[in-house]
Each structure stands twice: as structure tokens, then as C-alpha cells.
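*Asks:* no FASTA, just this:
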């Protein structure tokens, strides 16, 4: 498998919130980075988001104008999947097992056998994703948190077949990106989502039972010391993304009632109220 000192070219598949953020991190660390998405519109929005993030860093004197431009120059966007050839490739697409497996099968076909493949999955077992990939020892989870360019934690998840060198390379890469990597076992939700799931699920249950409205629940949790209440946090992460992760964990834990997805959240998803990114979630947001 690729050692850390052999990592140069990077690639990210999926130009949503997380994919764009991780591409920015790779590019800031000096890696030429290919960002892929099916839709050119998504790629255009991703570059706008990266530019906004970088300008904020310039305004706070975190980076120079030259550093901003170099980062942008390091990112190449494409809708051509065949351009995804790199030393390390991170997937950040929808939380559906069959979609991820198809992507990694294609990536394995067009890359060297020692290319490191990683998934940003929030909840799907790494061993399941890797089950149909040739050379699964080069595959692992590399789970960033939103917003990726700010949040320090990265979970590095080893599946049953993940090689030690693969995990070590990803941890070294995370440190280069100025992140704090932690080893996680291949269990549904890993560490953070396993712990945090009840924060969302119980908040939604309180809302379903009309104990309080969502704003009151958020105020109470923030007054208790949490930086954000569960509903503001779901809007930030993406109501659709959060619902998908909860649904995945509900199935992975054999439908344990404590992980049951909320009908209120499902209705938000069906209505297209996905949070900040759509302009409306549990709260309304001005464009």
C-alpha cells in the first residue's frame, strides 16, 4: 500500500458539502486534487464554497492571498469519472451501500492496486463496503466532520481486511491536514455517530410528543452547555444526511427502537427542507 511519503495526487468523488470541504483540505496541504461529481452545477457550487471559506481565512489572517490562490489552483474539477486516478481517493457521496460499492469497484478498475481508497461514510460498516473490492487491504474509512475545514476530528476506521499500513498512512495524512485522527472499530456509527445519535433521536422524540417546540429544545440544550441544539445541528449537517445516517444505523442495529428514525424528520426530507443548504430545515435561512 502507499506510504504517507508516497502520497501526492489526491481525488475526491462527490462535490457536496463534505466532498468540497475535504478537497479544500487536500489542496491546502499542497496536494493536486481532482474533485468529481456527476453534475457540473455541484462542482461550480463547491468551488464557490471553497472560495468563500478561503476568503474567510484570508480575512482572519489565517492564510495569505497567495495561499488562497495556490489552494484554488490545486483543485481540478471534472464530471469525467475516468479522471479519478490518484494516490489516495476519498468517497463522499450518498449513504447507500450499493452506490458506494459501485463507485469503489470502478475506482479499483482504473487505479493501481496500491492506491488507497477511503470512504467518508458516517455509518455504513467498512467491511461491507470493501467486500466486493479487489485488494481490500488498501481500503478504510476516513470520516471527517462538518464543516470539514474547521472540525479537527477525523475517525480512521479499519475494516476486517484493512491493512495496518493503510490505516497508518491515513492517520499521517490527517495530521498533515491539521486534523486529530483517532482509530475506530468497524461498528455501526463508529464512535461519534454512535454517541451523538441519541442527541438527535431523543430531541426528535420530545418534539413528536409535543413536550416543547424545536427552538425551545435547542435553547435548553445550549443553556445546558452544548454549543448547538440538536435541530440547529441537524440543519447544519443536512436534515437529509442526518436522516439517512439514522436509518442506516437503525437497520444495522437490527431495528433497535432507540435508533428509530423520526417521522417528522422524514417529512422534512420529503419536502426538500434539508437545512442550511436548501434554505429551510427546522429553521428558515436567508440566502
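*Replies:* Thanks, I have it. None of these values were measured; they are calculated from a predicted model.
*Asks:* from here on, contacts and neighbour counts on C-alpha atoms
*Replies:* OK.
*Asks:* How about residue 178: what's its closest non-neighbour residue?
*Replies:* Counting by C-alpha to C-alpha, 6 or more residues apart in numbering, the nearest residue to residue 178 once its immediate chain neighbours are dropped is residue 152, at 7.2 Å.
*Asks:* ok now do that neighbour, which residues does it touch?
*Replies:* 145, 178, 179, 180 (C-alpha atoms under 8 Å, 6 or more residues apart in numbering).
*Asks:* Of all pairs in those residues, which one is the farthest apart?
*Replies:* Checking these against each other with C-alpha to C-alpha, the farthest-apart pair comes out as 145 and 178, at 13.4 Å.
*Asks:* who's more crowded, the two?
*Replies:* Neighbours of residue 145 and residue 178, each counted by other C-alpha atoms under 10 Å, are more numerous for residue 145; the result is 19 against 16.
*Asks:* isn't there a strand covering the more buried one?
*Replies:* No - following the definition DSSP: H, G, I helix; E, B strand; the rest coil, residue 145 is coil and is not counted among the residues of a strand.
*Asks:* what's the closest non-adjacent residue to it?
*Replies:* Skipping the residues right next to it in sequence, residue 145 comes nearest to residue 151 by C-alpha to C-alpha, 6+ apart, at 6.0 Å.
*Asks:* Distance of that neighbour relative to residue 45?
*Replies:* Noted for residue 151: a distance of 21 Å to residue 45, by C-alpha to C-alpha, to the nearest Å.
*Asks:* Then residue 18?
*Replies:* 12 Å.
*Asks:* which of these two has more neighbours?
*Replies:* The neighbour comparison of residue 18 against residue 45 (other C-alpha under 10 Å) goes to residue 18, with 24 against 15.
*Asks:* Which residue ranges of the stretch 101-250 of the chain form helices?
*Replies:* 126-130, 164-176, 192-208, 214-223, 230-237, 239-252 (DSSP state H, counting those that start in this stretch).
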